[in-house]
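Visitor: Below: sequence and its predicted model.
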Amino acid sequence: MTQKKILLIEDEVKLARFVELELRYEGYEVTVCHDGREGMALINEGKFDMLLLDLMLPGLTGIEICRRVRKTSNVPIIMLTAKDEVIDKVAGLDSGADDYLTKPFAIEELLARMRVAFKHCEDKMMKKVLLQVQDLEINTEKRLVTVGTEAVELTKKEYELLLYLVQNKNIVLTREQILNEVWGYSYIGETNVVDVYVRYLRAKIDEAFQKKYIHTIRGVGYYVKEE
Ligand code: CA
């Protein structure tokens, strides 16, 4: 098996060194950098299998790096943040991170989260590339959503929600199921986030194209209907 390449962007030099050595010991190939801008340059040059991003960095923040990377790539991203930055968790996940770890963390916890993120990524790759409901199409390889011939621009969470609904078309999904699948077990926040994102999706798809894809079962949940 080829070594997985990890890019760690962390400006706390001691912590970065510690994580680097532990990951090397586990058999990962690790590149370390201490500055956001340099990190972004490395990402643009190299091919990494996972990014570990500190949130507060000189140059560019972890969130900004995450946003930029997500425009072109599905590479797994885990954010590392200091305790007093917990408030930014939602922003971190919404910018496209797969997971989030609060410092200080046990290295075993990081390794476990990394394995989960890799597994999740592989599972996604195994799934069908092209999904369709009526004339709505999702190309999971290109992360492209189209209605007819028109492309629809979605944020990462909107995309993941739509994908989950379409993968389970004609099946009513409860808010809890959606929350677990799309936001993950570690999500802490308002449960009405599902309703909020369904509204975003409806505005961008149903309303924009004058069609009805996403149906509500009152008090239960949502489903996408294949006519
Ligand atoms: Ca920092």
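Guide: Ah, there it is.
Visitor: residues contacting residue 26?
Guide: Residues in contact with residue 26, defined by Cβ atoms under 8 Å, 6 or more residues apart in numbering, are residue 111. Using the backbone N, CA and C atoms, a C-beta is placed for each residue, glycine as well.
Visitor: Helix or strand next in line after the top helix by length along the chain, which one?
Guide: As assigned by DSSP state H, the longest helix anywhere in the chain is helix 107-126. Sequence-wise, the next helix or strand downstream of helix 107-126 (DSSP states H and E) is strand 130-133.
Visitor: Low-confidence stretches in this protein?
Guide: The chain contains residues with pLDDT under 70 at 1, 83-93, 125-128, 185-186.
Visitor: residues from it in reach of the ion?
Guide: 11, 54, 56 (Cβ under 5 Å from the ion).
Visitor: Strands - which of the residues you listed land there?
Guide: residue 54 (DSSP state E).
Visitor: Considering the residues of the chain next to the ion, which possesses the most neighbours?
Guide: Of the residues of the chain next to the ion, residue 54 is surrounded by the most neighbours, 24 neighbours in total, counting by other Cβ atoms under 10 Å.
Visitor: gap between the closest residue to that residue other than its chain neighbours and residue 200?
Guide: Once flanking residues are discounted, residue 54 sits nearest to residue 10: 4.3 Å by Cβ to Cβ, 6 or more residues apart in numbering. To residue 200, residue 10 is 33 Å away according to Cβ to Cβ, to the nearest Å.
Visitor: Counting neighbours, go ahead and name the busier of those two.
Guide: Remark: of residue 10 and residue 200, residue 10 carries more neighbours, 24 against 16, as counted by other Cβ under 10 Å.
Visitor: Quick check: buried residues in stretch 200-215?
Guide: 200, 201, 202, 204, 205, 206, 213, 214 (16 or more other Cβ atoms under 10 Å).
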